[in-house]
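A.B. asks: Build me a model:
(4 chains)
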Protein chains: 2
Amino acid sequence: MYSQSEENYLKVIFTLQKAEEAPVNTNLIAEKLSTKASSVTDMIKKLSAKDLLSYKPYQGVKLTETGRSIALKVLRKHRLWEFFLVDKLHYKWDEVHEIAEQLEHVKSDSLIDKLDYFLGLPKYDPHGDPIPDKDGNFAGEELISLKNMEIGERGILKGLKDSSNVFLKYLDRKNMVIDDQIEVVDIEKFDQSVLIKTNWETFYISEQVAKNLLIKRMNDEL
Amino acid sequence: MYSQSEENYLKVIFTLQKAEEAPVNTNLIAEKLSTKASSVTDMIKKLSAKDLLSYKPYQGVKLTETGRSIALKVLRKHRLWEFFLVDKLHYKWDEVHEIAEQLEHVKSDSLIDKLDYFLGLPKYDPHGDPIPDKDGNFAGEELISLKNMEIGERGILKGLKDSSNVFLKYLDRKNMVIDDQIEVVDIEKFDQSVLIKTNWETFYISEQVAKNLLIKRMNDEL
DNA sequence: AATATTTTTTAGTCTTATCTAAATTTATTT
DNA sequence: AAATAAATTTAGATAAGACTAAAAAATATT
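C.D. replies: Numbers count the residues shown, from 1 in each chain, chains lettered A, B, ... in the order given. Purely as a prediction, here's the structure:
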């Protein structure tokens, strides 16, 4: 069994590793965990001793297979609990992160699978992030940034690059939610802002927003 | 916010206090928590400093109103999660305790009320234990001896431990009847006699009398 | 290549919650 | 009432995880 702290480190390293595709460095981890670099070094040594990651001083870290599978399990729990909070308890999707951070550390072999089944084996959490299945496999799916879509293309909002609270609130104000269908109507050449059409309205979003919206193209299949 | 450990101590002390109707002693707590007496003493001091229980060395402990309300909140969470596990995830009732022990410490003001609502405001957990409601009221709130009330506490006279004729006549002379509201104004340290205030007068009763009066607490707050 | 800057690690300290062993207080027997 | 036993508290240690400040290594700049 691993401590909450260990699990959090593994989870954060996993997500950074995915984003960076390179050894993850100490400062980044410290920043994501709101802690200090020296604390990260301490924990890294501990995790390395347990063979959850490989580490050479000053060279950053990489998860081992074991470390990766633990991180995936934590991620699975986090996302399933988020789904539960939104789908069953009717939280808004920007309210659930903090609670899921706690729930993800509840230890029980059977619990998470029963929860999964109860929720109907969902494939995506409320932020559109894929939920790893029992065996650690993602619902592999190619999501592209809305910024990379052409005029006339359509797709479905499936995820966010930036899940910060400010951004979630912005989307809430715009009434945009996961699984919304979106069509690119026009792209302003001057500032790359994008005119999009949702099911209800047509409006402009800035380039920065467009970058952060992950879209599943409509000609793909589920 | 209180630590998991603090919450566990409060919860255990609360249940022991209910069972014992007397100051709860160190060894009992240690046994229930599978820890050592010395650890209990340490924690007791900490909780006492935070005014969650009253404690005099070698004399056992008693929860304060604040301590009691925290314990009740933890118990509420524990029992609601147990209900969830059995009713929604189809666990058997003898499998849920360990998991609920973890879930009960998840911190969120809104979570437990939303869960309560989602479950249909159940009154009893799968073991038949009553679930305290939002305001800390039990379905089957039990009665406590007036002797165990604190200065300033109020309650309603609901029963007698000793229903002998002499005692009934005594009450008659004092004009005390069932459903009288009673407030504990003071407790004389020398002989533990209690100054009480009824709707009509304020007077002293002996410790022996106090022991025999069964009170339903009025929960002014949680 | 030498210096400056940034990143990472080390050394030492702190807090929380636990423990063992010894000392003290309370309760029980004789 | 003295002696013994039981319960409780104190003193001192330990482990996890975090911190600050200083040292060491890697990177960037001139």
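
A.B. asks: ok but residue A:90 is inside a helix, no?
C.D. replies: No. Using DSSP: H, G, I helix; E, B strand; the rest coil, the secondary structure at residue A:90 is coil, not a helix.

A.B. asks: where does chain A come near chain B, residue by residue?
C.D. replies: For chain A, the residues in contact with chain B (Cβ under 8 Å from any Cβ of the partner chain) are A:85, A:88-91, A:98-99, A:102-103, A:106-108, A:110-111, A:114-115, A:118. No exception for glycine: its C-beta is placed from N, CA and C like everyone else's.

A.B. asks: Show me what whichever helix in chain A runs longest is packed against.
C.D. replies: Longest among the helix segments of chain A by residue count, using DSSP state H, is helix A:65-87. With contacts defined as 3 or more Cβ pairs under 8 Å, 6 or more residues apart in numbering or on different chains; DSSP states H and E, helix A:65-87 has these neighbours: helix A:4-20, helix A:97-103, helix A:109-118.

A.B. asks: same thing but 10 Å
C.D. replies: Where contact means 3 or more Cβ pairs under 10 Å, 6 or more residues apart in numbering or on different chains; DSSP states H and E, helix A:65-87 is packed against helix A:4-20, helix A:37-49, strand A:53-55, strand A:61-63, helix A:97-103, helix A:109-118, helix B:109-118.

A.B. asks: got TSV for these, with mean neighbour count and mean pLDDT too?
C.D. replies: Shown next, in TSV, are the helices and strands packed on helix A:65-87 (neighbours: other Cβ atoms under 10 Å in any protein chain shown; pLDDT from 0 to 100):
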stretch	mean neighbour count	mean pLDDT
helix A:4-20	19	91
helix A:37-49	16	97
strand A:53-55	20	95
strand A:61-63	20	95
helix A:97-103	18	97
helix A:109-118	16	96
helix B:109-118	16	96
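
A.B. asks: Turn these into a markdown table, including distance to residue B:49.
C.D. replies: Formatted as a markdown table, these follow (distance: least, Cβ to Cβ, whole Å):
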| stretch | distance to residue B:49 |
| --- | --- |
| helix A:4-20 | 26 |
| helix A:37-49 | 28 |
| strand A:53-55 | 41 |
| strand A:61-63 | 41 |
| helix A:97-103 | 26 |
| helix A:109-118 | 36 |
| helix B:109-118 | 25 |
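
A.B. asks: For burial, what's the neighbour tally of residue A:59?
C.D. replies: Counted by other Cβ atoms under 10 Å in any protein chain shown, the residues lying close to residue A:59 total 10.

A.B. asks: Provide the secondary structure category for it.
C.D. replies: Secondary structure, three-state DSSP: residue A:59 is coil.

A.B. asks: In contact with the residue nearest to it when sequence neighbours are not counted, which residues?
C.D. replies: In space, and not counting its chain neighbours, residue A:59 is closest to residue A:23: 6.1 Å by Cβ to Cβ, 6 or more residues apart in numbering or on different chains. Contact analysis of residue A:23 by Cβ atoms under 10 Å, 6 or more residues apart in numbering or on different chains lists A:16, A:17, A:53, A:54, A:55, A:56, A:59, A:60, A:61, A:62.

A.B. asks: just residue A:135 next, same as before
C.D. replies: Residue A:135 touches A:69, A:72, counting by Cβ under 10 Å, 6+ apart.

A.B. asks: And the pLDDT at it?
C.D. replies: If you check residue A:135, the pLDDT there is 83.

A.B. asks: On the three-state scheme, it is what?
C.D. replies: Going by three-state DSSP: residue A:135 is coil.

A.B. asks: does stretch A:39-52 come close to DNA strand C?
C.D. replies: Yes. Shown here: stretch A:39-52 in contact with DNA strand C (Cβ under 7 Å from any atom of the strand) through A:40, A:41, A:42, A:44, A:45.

A.B. asks: hmm, who's touching that stretch?
C.D. replies: Stretch A:39-52 has contacts (Cβ under 10 Å, 6+ apart) with A:2-3, A:5-6, A:8-10, A:12-13, A:24-33, A:35-36, A:53-57, A:60-61, A:63-71.

A.B. asks: and that stretch, does that touch DNA strand D?
C.D. replies: Yes. Shown here: stretch A:39-52 in contact with DNA strand D (Cβ under 7 Å from any atom of the strand) through A:39, A:42, A:43, A:46.

A.B. asks: Which single one of those residues is nearest to residue B:191?
C.D. replies: residue A:39 (56.9 Å; Cβ to Cβ).

A.B. asks: Could you report the distance from residue A:175 to chain B?
C.D. replies: Per Cβ to the nearest Cβ, to the nearest Å, residue A:175 is found 22 Å from chain B.

A.B. asks: Give me the pLDDT for that residue.
C.D. replies: 90.

A.B. asks: quick one, phi/psi of it?
C.D. replies: The phi and psi values for residue A:175, taken as degrees, to the nearest 10, are phi 60, psi 30.

A.B. asks: With residue A:168 instead?
C.D. replies: Torsion angles, degrees, to the nearest 10, at residue A:168: phi -60, psi -40.

A.B. asks: Correct me if wrong: it contacts residue A:128.
C.D. replies: No. Between residue A:168 and residue A:128 there is no contact, the gap being 11.6 Å when judged by Cβ atoms under 10 Å.

A.B. asks: between the two, what contacts are shared?
C.D. replies: Shared contacts of residue A:168 and residue A:128, defined by Cβ under 10 Å, 6+ apart, are found at A:93, A:160.

A.B. asks: Done for today, thanks.
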